[in-house]
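K.L.:
Below: sequence and its predicted model.
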Amino acid sequence: MKQRLGDQIQKAIETCFRTGSLDSGQLPDVHLEIPAHAEHGDFATNVAMTMAKQERKAPRKIAEALVAALGDGEGLCSKIEIAGPGFINFYLAPGCWYGVLDQVMRQGADYGKSDVGAGVPIQIEFVSANPTGPLHIGHGRGAAVGDAVASLLTAAGYDVQREYYVNDAGNQVGLLGRSIWLRLKELRGDTIDFPEDGYRGDYIKDVAASLRDDQGYGVLDLAEDESIEVCGLYGMKVLLGMIEKDLQEFGIRFDNWYSEKSLYTRDMVNTELAKLAQKGLTFKEDGALWFRTTEYGDDKDRVLIRSDGTPTYFASDVAYHMEKFERGFKKVIDVWGADHHGYVPRMKAVLKGLGHSPEDLEVLMIQMVNLLRGGEPVTMGKRSGSFVTLRDVVEEVGKDACRFFFLMRRADSQLDFDLALAKEQSNDNPVYYVQYAHARICSINRNAADAGLEPPVTGKVDVSKLVLDEELDLAKQLQRYPESVVGAAQALEPHRIIYYLQELATQFHSYYNRQRVMTEDLETSKARLYLVNAVRTVLENALLLLGLNAPERM
RNA sequence: GGCCCCGUAGCUCAGCUGGAUAGAGCAACCGCCUCCUAAGCGGUAGGCCGGGCGUUCGAAUCGCCCCGGGGCCGCCA
């Protein structure tokens, strides 16, 4: 619709150049927008204003010439007017809008999908929590956002892979092993001295108990180092399994679980570091190997190999990211907690150093979640291990409410998550508000079916029966959905779809309260049924896109 | 000290990559169920868009400075 109107405007400008009513000959970018106020039409363009300089004419004069050349835009427009400093406002003929209903009904679950991504392979890596404990609430937000962004990109036609990077190679593995090993000894009756930096959560005791049940205390007979290693590997397996299960119950599945350790076993780290060295990007100092990231905009050089010969986390990260591109991804997205934002410059520096464009890596920052209950903060002590887990929250408020709240705000702004509100079954709760709209339409369908009326089929409906402004507005809102998806995908901003959903639900609820779908007039009933089923389809598509359910009853 | 994010209604936040009279939800107040689900709807009230300067036809939006809140600056992961 927008596209067609834009083409008409382009043609009008060319016509003006031909007839001489405009003479600069420069074709401007025509920008069409949906005005904030309905009195300003369905679409508006500022093109007359942007052309003012090159034409050396008053914007309104230019607008007049354009409008004259435009006519009614080949039947597209019912009214065109010039307003304000030189805006051209377009009012589209109602028939234009009702076409969208057929489109929605024909495409069904595909309505909203597009191919702007042209199958470009993109990888999005998210969650990637260390397998040293259960997922907490912050991981949950990253999970919900990462998953939704992946779905958005898929809907926009990109070829998306979801990946989880498993940090199974650092010091924390040893620390995990030691923590479990000590708890195991404790279970056996030994007195232990638990280190300050150990993993103190109770889940460690559970892991130790499970290890004992599986294998007895035999592990403790091994040499200490070996014993700790066995404990660590065991713990990681158990905890990673727990994480995967938590994510699954949260509705998230990864295409690939990528082991950090495998970077070493395949010698990828050395290979990539050698490439850096070859390009003269590394140097030795104080016995350590450094990456000259300052060369590419970082404020400090970074250590790759410590003076004791062990690689840093950064070293494997370099190898990991380089390999992502070697695997063929054109674009790579990382979803990180905001506390890691300091790592962005150095990762971008790595890309630049190895000849990639820094824009090929996009880092999505996930800000903190403030957990509240009835307005009061829920205290979380990470040190004591008493943080709130994702599992706890999902169990308490449900998957849908949880995901919805995580997606409700821009990812880079802090989020207040009120458990009491998320659980509440009232109109204060935005999750139910949207889902209820869907359930209501299903209910209408059930009633219609009882009256012998099935949801109407495209082509057998007289949409001219839809004469109300509210009906036209609903059609307009449905028409915006595909571009909302594309916009949200390209900006990596799933919250836009939440807002879209809330608006659509509001419009529907209002319509529902004011008008009856099932009326005395059969043709009107069919037309309205057709309309609300198009609404239902879009509600469902958008809900599913965000990993939320579209319930038929509530 | 350096860098990042944030500052919009009493509260929580949108504001589509510069547009027209700045929006929504909650809270407050007033209304609506013999009617397809009241988990709903309608209405009222509420604003120096933190402040200043600049860029231009036009700024909540872009740039610089200041104020305020949060975060990050390891040979930790």
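P.N.:
Yes, it's here.
K.L.:
Which neighbouring elements make contact with the longest helix along chain A?
P.N.:
For chain A, the longest helix by residue count, based on DSSP state H, is helix A:224-249. With contacts defined as 3 or more CB pairs under 8 Å, 6 or more residues apart in numbering; DSSP states H and E, helix A:224-249 has these neighbours: helix A:171-188, helix A:202-215, helix A:390-397. (C-beta placed from N, C-alpha, C; glycine too.)
K.L.:
For the second one, list every residue counted as buried.
P.N.:
Pointing back at helix A:202-215 there. Using 16 or more other CB atoms under 10 Å as the burial criterion, the residues of helix A:202-215 that qualify are A:203, A:204, A:205, A:207, A:208, A:211, A:212.
K.L.:
now, among those, which is nearest to RNA strand B?
P.N.:
Closest approach to RNA strand B among these (CB to the nearest atom of the strand): residue A:204, at 15.9 Å.
K.L.:
my read: that closest one touches residue A:179, true?
P.N.:
Yes. Using CB atoms under 8 Å, residue A:204 is in contact with residue A:179, at 5.1 Å.
K.L.:
overlap in contacts of these two?
P.N.:
Counting by CB atoms under 8 Å, 6 or more residues apart in numbering, the common neighbours of residue A:204 and residue A:179 are A:198, A:235.
K.L.:
tell me which element the most centrally placed residue in chain A falls in.
P.N.:
By CA atoms, centre = their mean, the mean C-alpha position of chain A lies nearest to residue A:149, the distance being 2.6 Å. When elements are defined using DSSP states H and E, residue A:149 is found to belong to helix A:137-155.
K.L.:
What lies in contact with the next helix or strand after that helix?
P.N.:
Moving toward the C-terminus from helix A:137-155, the next helix or strand (DSSP H and E) is strand A:159-166. Contacting residues not belonging to strand A:159-166 are listed as A:117, A:119-128, A:131, A:146-147, A:150, A:153-154, A:240, A:252-261, A:320, A:329 [CB under 8 Å, 6+ apart].
K.L.:
Just the angle for strand A:159-166 relative to helix A:137-155, thanks.
P.N.:
160 degrees (axes from the mean of the first three to the mean of the last three CA atoms, to 10 degrees).
K.L.:
Strand partners (parallel or antiparallel) of strand A:159-166?
P.N.:
Strand A:159-166 has its sheet partners listed here by DSSP bridges as strand A:121-125 (parallel), strand A:256-259 (parallel).
K.L.:
Endpoints of stretch A:422-430, how far apart?
P.N.:
8 Å (CA to CA, to the nearest Å).
K.L.:
tell me the mean pLDDT over it?
P.N.:
Mean pLDDT, computed over stretch A:422-430, is 74.
K.L.:
Also stretch A:474-492?
P.N.:
Mean pLDDT, computed over stretch A:474-492, is 93.
K.L.:
hmm, it touching RNA strand B?
P.N.:
Yes. Residues of stretch A:474-492 contacting RNA strand B under CB under 7 Å from any atom of the strand: A:487, A:491.
K.L.:
Report the entries of the buried residues of helix A:202-215 that also contact RNA strand B.
P.N.:
Among these, no residue is within reach of RNA strand B (CB under 7 Å from any atom of the strand).
K.L.:
now those residues as a markdown table including pLDDT and distance to residue A:65?
P.N.:
Shown next, in a markdown table, are those (pLDDT from 0 to 100; distance: CB to CB, whole Å):
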| residue | pLDDT | distance to residue A:65 |
| --- | --- | --- |
| A:203 | 92 | 73 |
| A:204 | 95 | 76 |
| A:205 | 95 | 80 |
| A:207 | 96 | 76 |
| A:208 | 96 | 81 |
| A:211 | 96 | 82 |
| A:212 | 96 | 86 |
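K.L.:
quick one: which of those residues is nearest residue A:284?
P.N.:
Nearest to residue A:284 out of those is residue A:204 (CB to CB; 39.1 Å).
K.L.:
which ones are touching that closest one?
P.N.:
By CB under 8 Å, 6+ apart, the neighbours of residue A:204 are A:179, A:180, A:183, A:198, A:235.
K.L.:
thinking residue A:275 is in contact with residue A:355, fair?
P.N.:
No. Contact criterion CB under 8 Å: residue A:275 and residue A:355 do not qualify, at 9.7 Å.
K.L.:
out of these two, which sits in the more crowded spot?
P.N.:
The neighbour comparison of residue A:275 against residue A:355 (other CB atoms under 10 Å) goes to residue A:275, with 17 against 9.
K.L.:
so who does that one touch?
P.N.:
With CB under 8 Å, 6+ apart, residue A:275 has these contacts: A:322, A:354.
K.L.:
How about residue A:276: what's its closest non-neighbour residue?
P.N.:
residue A:282 (5.1 Å; CB to CB, 6 or more residues apart in numbering).
K.L.:
how close does that neighbour get to residue A:307?
P.N.:
14 Å (CB to CB, to the nearest Å).
K.L.:
Between the two, which is the more surrounded one?
P.N.:
Applying other CB under 10 Å to residue A:282 and residue A:307 shows that residue A:282 carries more neighbours, namely 19 against 12.
K.L.:
Next, give phi and psi for the more buried one.
P.N.:
Main-chain dihedrals, residue A:282, degrees, to the nearest 10: phi -120, psi 160.
K.L.:
Which strand residues bridge it?
P.N.:
In this entry, residue A:282 is beta-bridged to residue A:291, by DSSP bridges.
K.L.:
Name all residues that make contact with residue A:153.
P.N.:
A:117, A:122, A:124, A:160, A:489 are the contacts of residue A:153 under CB under 8 Å, 6+ apart.
K.L.:
in the stretch 451-554 of chain A, which ranges drop under the pLDDT threshold?
P.N.:
Regions of the stretch 451-554 of chain A meeting the criterion pLDDT under 70 are absent.
K.L.:
Kindly report the residues of it close to RNA strand B.
P.N.:
Looking at RNA strand B, the residues of the stretch 451-554 of chain A close enough under CB under 7 Å from any atom of the strand are A:487, A:491, A:493, A:495-496, A:499, A:502, A:505-506, A:509-510, A:512-518, A:552-554.
K.L.:
Kindly report the same for the stretch 51-200 of chain A.
P.N.:
A:52, A:53, A:83, A:84, A:85, A:87, A:89, A:130, A:167, A:170, A:171, A:172.
K.L.:
Point out the least confident member of these, please.
P.N.:
residue A:53 (74).
K.L.:
Number of residues surrounding that one?
P.N.:
By other CB under 10 Å, the residues close to residue A:53 number 10.
K.L.:
Return the distance of it relative to residue A:513.
P.N.:
Taking CB to CB, one finds residue A:53 at 50 Å from residue A:513.
K.L.:
again with residue A:66
P.N.:
42 Å.
K.L.:
ok, these two, which is more surrounded?
P.N.:
residue A:66 (23 against 8).
K.L.:
what's the closest residue to the more buried one other than its chain neighbours in contact with, if anything?
P.N.:
In space, and not counting its chain neighbours, residue A:66 is closest to residue A:12: 5.2 Å by CB to CB, 6+ apart. By CB under 8 Å, 6+ apart, the contact list for residue A:12 reads A:66, A:69, A:70.
K.L.:
at 10 Å what do you get?
P.N.:
A:22, A:30, A:47, A:65, A:66, A:67, A:68, A:69, A:70, A:71, A:73, A:88 (CB atoms under 10 Å, 6 or more residues apart in numbering).
K.L.:
cool, and residue A:89?
P.N.:
When contacts are counted by CB under 10 Å, 6+ apart, residue A:89 touches A:35, A:39-45, A:63, A:77, A:79-83.
K.L.:
Alright, I will stop here.
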